[in-house]
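[1] Pasted the sequence and its predicted model underneath.
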Amino acid sequence: MANFVAVPACYPKLVDLRKSKTASFKNNKFLKETTKLRYYQTIGALHMMMLERMVLGDSTGTGKCVSEDTYIPTSLGMIKIKDLCKELNLIEDSFYNLSEDLKILSIEGEKSAPFIYYSGIKTGLKITTSKGFELIGLKHHPIFAPDDISLNYKRLDSFKIGDFVCINRKGIFTDKYFKTTQVIKGGTNTIDYKIPEFIDESLAELLGYYVSEGHSSVKTSFIITQFAPDVHNRIRSLLKDIFGYIQNDQVKNYKEELTKK
């Protein structure tokens, strides 16, 4: 390596320091009594004190914590952040590995997420938009928001009523198909239909009709009420293409029957 001189004399101490789980600072005039360093910050500061020069990087975005119920747009769909680590025995101020296949849909596109950081239970702030979007996070959590001339990140505790924030709609709707979840089979008097493995455009369209015009009284069936002929026929076509469901013909003359009544 060019310009490499030698391993610093303090290197063995640094190795022991990185293995330690109890490193700390004694009270001193340079730290306020109210200052609380995370453990990785303590380790980094001790490194800087022992070395003549060093580069300290933080590419993980640590310090921008949100509540456990915050939804994260990922390559697996919208997932609550607590569900990313539900099988872990969480310890305050600790990092945990995530699956290498997991991708986070950020404002800059798809990004890898190799780690998750658990800061412990903290006091946070909550903001709610006029459309009902909510975010709970630490007071210094950065939010992308417009100012007078551009878009910039602002601290969560700097917002006031009447301010605007940016909603990452592009990140919510990925261009990849979501996998469907397992479903419970029907009873003895029902017919089981094959559920598609992925939510594609057709299934998403049918779900849209159900959200707008549908209802369900039991867990084994649903009803979509729609009397516009073209839309009605489209729903019938989707049910056939997606599930192989062939409806009866009783409602084909629904418009004529309604006119007679």
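    Done, it's in. This is a predicted model, so every value here is computed, not measured.

[2] Who are the contact partners of Gly124?
    Contact analysis of Gly124 by CB atoms under 8 Å, 6 or more residues apart in numbering lists 65-67, 136-139, 141, 156. Heads up, the C-betas are built off the backbone N, CA and C, glycines and all.

[3] Then Asp93?
    Neighbour list for Asp93: 38-40, 118-120 [criterion: CB under 8 Å, 6+ apart].

[4] Of all pairs in those residues, which one is the farthest apart?
    Tyr40 and Gly120 (13.5 Å; CB to CB).

[5] Could you check which of those two has the larger neighbour count?
    Legend: neighbour count by other CB atoms under 10 Å for Tyr40 and Gly120, higher for Tyr40 (15 against 11).

[6] Surely the more buried one is within a helix?
    Yes. Assessed with DSSP: H, G, I helix; E, B strand; the rest coil, Tyr40 lies in a helix.

[7] Now the buried members of the contacts of Gly124.
    65-67, 136-138, 141, 156 (16 or more other CB atoms under 10 Å).

[8] My read is that Gly214 contacts Ile223, right?
    Yes. Gly214 is within contact range of Ile223, at 6.2 Å (criterion: CB atoms under 8 Å).

[9] So if I had to pick from these two, which one is more boxed in?
    Legend: neighbour count by other CB under 10 Å for Gly214 and Ile223, higher for Gly214 (16 against 10).

[10] Run a quick neighbour tally on the closest residue to that one other than its chain neighbours.
    Nearest residue to Gly214 in three dimensions, chain neighbours excluded: Ile224, at 4.2 Å (CB to CB, 6 or more residues apart in numbering). Other residues near Ile224 come to 19 when the count uses other CB under 10 Å.

[11] Okay, Ile224 and Ser212: tell me how far apart.
    Ile224 sits 9 Å away from Ser212, going by CB to CB, to the nearest Å.

[12] ranges for the strands of the protein?
    Ranges of strands within the chain are 71-74, 77-80, 94-97, 103-106, 109-112, 115-118, 125-128, 134-137, 142-146, 151-155, 178-179, 198-199, 214-215, 223-224, based on DSSP state E.

[13] Out of those strands, flag the one nearest Arg53.
    Among the strands of the chain, the nearest to Arg53 by CB to CB is strand 94-97 (25.6 Å).

[14] just for the stretch 1-150 of the chain, where's the confidence low?
    For the stretch 1-150 of the chain, the stretches flagged by pLDDT under 70 are 1-5, 54-64.

[15] which residues in it form helices?
    In the stretch 1-150 of the chain, the segments counted as helices under DSSP state H, counting those that start in this stretch are 11-19, 39-50.

[16] ranking those helices by burial, who's on top?
    For these, the largest average neighbour count (mean count of other CB atoms under 10 Å) is found in helix 39-50, namely a mean of 15.

[17] Quick one: list the elements packing against that one.
    For helix 39-50, the packing partners by 3 or more CB pairs under 8 Å, 6 or more residues apart in numbering; DSSP states H and E come out as helix 11-19.
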